[in-house]
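Sequence unavailable; structure follows:
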């Protein structure tokens, strides 16, 4: 059967689903996709079969330390998402609603035990549909119906045709079908079609829509529920494998494959919808709650499978930075690897003289250690490189000093055709072309030593083509003299924020021949779309994208970023935004959504758009958007909406977000990371000390659960002193970098009598409660007398708490979202749910949850000093935690 016929069949299937879920016109519905909690799903459980091997006995992983009462005397116990809640309730005989729902799905495989993949996909869809409430608007015309069907079909067809294979598939005695031949894998499930339809029907995401109609998309809630369900199915499959019951192994594998395939496709569509909105309205870092999906137990093994596709030419350290990005470990990277290999697949590595570097150590010559020759690069059209080397254009120092503020090279006053001409300067403005490059690629240097005349001519020509009268490049505009260098660094924000165009220069990007794009007519060819996919794949892991300075420059100038490529033997610029839009709407969705992990490359919103989206409470709002606003209301309250909107437009971020952006990148000079950190946060003195960054900060508590070094200052023992962990040559990573934590609860810096402290609600577990004084045998030997020397308890109490009478572990808590019947209240003191406390787990690679260790020599009500982080192994018994407001000093 031909592909066109298959596409037509899929289109008709989408039409039938739309008809099935259409709402009457008078209901004023655009698109509703709501997810229930498992205890809200109606499941007839009496007839559900139990797997023969299933062990009904549960063994609790928890034991109880002393409780800390809440402020109202009520102890609220913390729930860990990776554990069965019923274990904590002590009711080992009762199945959870999730158990019942899972068994109802398992029952759909009863006819599958002897026939591989012959179970009914429709049965899976029928049972699984009980988890959601879906309603779609009716088309206003036949023409509108065809447009929506085109959008939905296009989205599905631009997904990878076959989802990534499950890691470690079962080995059965009988013949098994190849992964791509499994019906539950090769066929799109009902919810994949429904999400595609929901996005297609609500395609227009501009601000001037009629909001009297209803649009509710709970995609993240659905995906988190699906992930929770999938993890339990994976555990059941492992138990069946241990019992060696081949029939149950096969049945669980089919169910696992159905859920996994649905989750992958729906996640990619969810991310694409987020990307679409940000491309239209601009990317706002406050909007990242929807990116924060629940991690899967296979979140690491699946990407590790895809790592085998990596080209030798791709720098392992740069690739590791991509993998550590927000939500990248949940994304399908197969198209990314394929498009990168289209350009560089046959090349040898260039990290270490033809060999790949070690991503866990700083031995990559792309990052540091390589011999750098300033101005060793020449333009592709340079007629005489040797002449250029001997006759560089150096600065006119008097011209430079005559200008105050941000300087740029004046094109009119710096005509390279004039003999012995020097670089003349003017005030940087909106008619300045700003060049962002990698020093090690040969364009480095200082104004005192000059710039190659061919490079000067290149940037003059490019600037004039884009209606600019000057250009800025650090080589020509940041002198070596200390005072002038400081002055120039303080103007970087202004230069890139107000520049007319930002030009990205990277060795790999510059070597890409874009003739097929430059010479293209109005219609897009598959060849040019594929090339644009390769350009985006290259950009994500190129040397330019792993540097801290270039991140700052891109983030400030992201309105108009252009990539310098070549077209034959000529320079060619292509718009990053246009490239991303074309790939997003015509190319591989799985490549396009990777840009969500690198949002400094996405366009920013204007201040007025941001204000309408975030503070206009006069118009009806989708429920999910209202919840998002309530969660971020603390930031609005702290900073002021108008001020914050202007900062968002200009590219400024909070201290914690700036640290997350820089956490996996590198600055060449010692101390530059702190300067860049300050520049990302604001326009004050970028060389000021770090404590000022935290003076009035609202902080997601989950951000603090990391191994960043802390300030050794009163009131700031909790505050990181730098944004990134330092890699050392030939050693592995030591510690846990900071990760996205936008779903964790928010804490505040509080000032009293000119002294600061950090106030937040945490999950708290007491690990040391000694009445004796520090230095006594009772206090010093507390760990030895209370804990097994092999336990994490012992390590925490003995290693960190020698000088403290009291000790606790802290676990960040998740903001529990409002249910439909809960009151919506906005304000600094409001909480989503005072009767639930759910752990917000560390999202980075670890062998179990991470806890902070804090100590005090006062009583259990604190205040507490932050001492460090410990990793609590998943296979070790975990203590109970209780929600409590804690003061850190």
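That came through fine. Quantities reported herein were computed from a predicted structural model and do not represent experimental measurements.

residue ranges of the strands in the stretch 401-550 of the chain, please?
Listed in chain order, the strands of the stretch 401-550 of the chain (DSSP state E, counting those that start in this stretch) span 407-410, 425-427, 432-437, 470-472, 501-505.

Return the most buried member of those strands.
When the strands of the stretch 401-550 of the chain are scored by mean count of other C-beta atoms under 10 Å, the highest mean neighbour count falls to strand 470-472 (a mean of 29). (C-beta placed from N, C-alpha, C; glycine too.)

That one pairs with which strands?
strand 407-410 (antiparallel), strand 432-437 (parallel) (DSSP bridges).

who's in contact with the longest one?
Counting by C-beta atoms under 8 Å, 6 or more residues apart in numbering, the neighbours of strand 432-437 from elsewhere in the structure are 408, 443, 459, 462-463, 466, 468-473, 495-496, 498-506, 544, 550, 553-554, 557.

6 Å - rerun?
Residues outside strand 432-437 that contact it (C-beta atoms under 6 Å, 6 or more residues apart in numbering) are 408, 443, 463, 468, 470-473, 495-496, 499, 501-505, 550, 553, 557.

what distance separates it from the middle of the whole chain?
Distance of strand 432-437 from the chain centroid (C-alpha atoms, centre = their mean, to the nearest Å) equals 27 Å.

quick one: that strand to strand 501-505, angle?
20 degrees (axes from the mean of the first three to the mean of the last three C-alpha atoms, to 10 degrees).

Would you format the strands paired with strand 470-472 as CSV with mean pLDDT and distance to residue 266 included?
Formatted as CSV, these follow (pLDDT from 0 to 100; distance: least, C-beta to C-beta, whole Å):
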stretch, mean pLDDT, distance to residue 266
strand 407-410, 96, 48
strand 432-437, 97, 36
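
between these, which gets nearest to residue 382?
Comparison of the strands paired with strand 470-472 against residue 382 by C-beta to C-beta identifies strand 432-437 as nearest, at 16.4 Å.

okay, and the helix or strand of the chain with the least pLDDT?
helix 85-89 (a mean of 41; mean pLDDT, DSSP states H and E).

Point me to the residue sitting closest to the centre of the chain.
residue 326 (1.5 Å; C-alpha atoms, centre = their mean).

next helix or strand past the least confident helix or strand of the chain?
helix 97-107 (DSSP states H and E).

Can you report how many residues neighbour the closest residue to residue 415 other than its chain neighbours?
Distances taken as C-beta to C-beta, 6 or more residues apart in numbering put residue 421 closest to residue 415, at 6.0 Å, once the chain neighbours are dropped. Neighbour count for residue 421, taken as other C-beta atoms under 10 Å: 16.

Report the separation between residue 421 and residue 771.
81 Å (C-beta to C-beta, to the nearest Å).

Also residue 760?
Distance from residue 760 to residue 771, by C-beta to C-beta: 27 Å.

Which one's more surrounded, those two?
residue 760 (23 against 9).

immediately after the helix or strand harbouring that one, which helix or strand?
Secondary structure assignment for residue 760, by DSSP H and E: strand 755-769. As assigned by DSSP H and E, the chain's next helix or strand after strand 755-769 is helix 777-780.

if we can go back for a sec, could you dump the strands of the stretch 401-550 of the chain into CSV with distance to residue 195 added?
Converted to CSV, the strands of the stretch 401-550 of the chain look like this (distance: least, C-beta to C-beta, whole Å):
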stretch, distance to residue 195
strand 407-410, 48
strand 425-427, 51
strand 432-437, 37
strand 470-472, 44
strand 501-505, 34
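
Indicate which one of these is closest to residue 806.
Nearest of the strands of the stretch 401-550 of the chain (C-beta to C-beta): strand 432-437, 50.6 Å.

Would you tell me which helix is longest in the protein?
The residue-count maximum for a helix in the chain (DSSP state H) belongs to helix 246-281.

how many neighbours does residue 788 have?
12.

didn't residue 309 look like it was pressed against residue 336?
No. At 8.8 Å, residue 309 does not count as touching residue 336 under the criterion of C-beta atoms under 6 Å.

what's the distance between residue 237 and residue 301?
Taking C-beta to C-beta, one finds residue 237 at 14 Å from residue 301.

which element follows the helix or strand residue 305 falls within toward the C-terminus?
Assigned by DSSP H and E, residue 305 belongs to helix 301-307. Using DSSP H and E, the helix or strand that directly follows helix 301-307 along the chain is helix 316-323.

which residues are in contact with that following helix?
By C-beta under 6 Å, 6+ apart, helix 316-323 touches 328, 356-357, 359, 364, 540-541, 546, 664.

quick one on the thing from earlier: including distance to residue 154, could the strands paired with strand 470-472 go into JSON lines?
Output for those, formatted as JSON lines (distance: least, C-beta to C-beta, whole Å):
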{"stretch": "strand 407-410", "distance to residue 154": "44"}
{"stretch": "strand 432-437", "distance to residue 154": "34"}
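
ok, residue 237 and residue 301, which is more surrounded?
Neighbours per residue, other C-beta under 10 Å: of residue 237 and residue 301, the larger number sits with residue 237, 22 against 12.

For that one, give me the backbone phi and psi.
Residue 237 adopts backbone torsions of phi -60, psi -40, taken as degrees, to the nearest 10.

so what's the nearest residue to it once chain neighbours are set aside up against?
Spatially, and ignoring its direct neighbours in sequence, residue 237 is nearest to residue 252 (3.9 Å; C-beta to C-beta, 6+ apart). Going by C-beta under 6 Å, 6+ apart, residue 252 touches 236-237, 240.

Tell me the buried residues in the helix or strand where residue 885 lies?
Assessed by DSSP H and E, residue 885 sits inside strand 882-888. Neighbour-count burial for strand 882-888, counted by 16 or more other C-beta atoms under 10 Å, picks out 882-884, 886-888.
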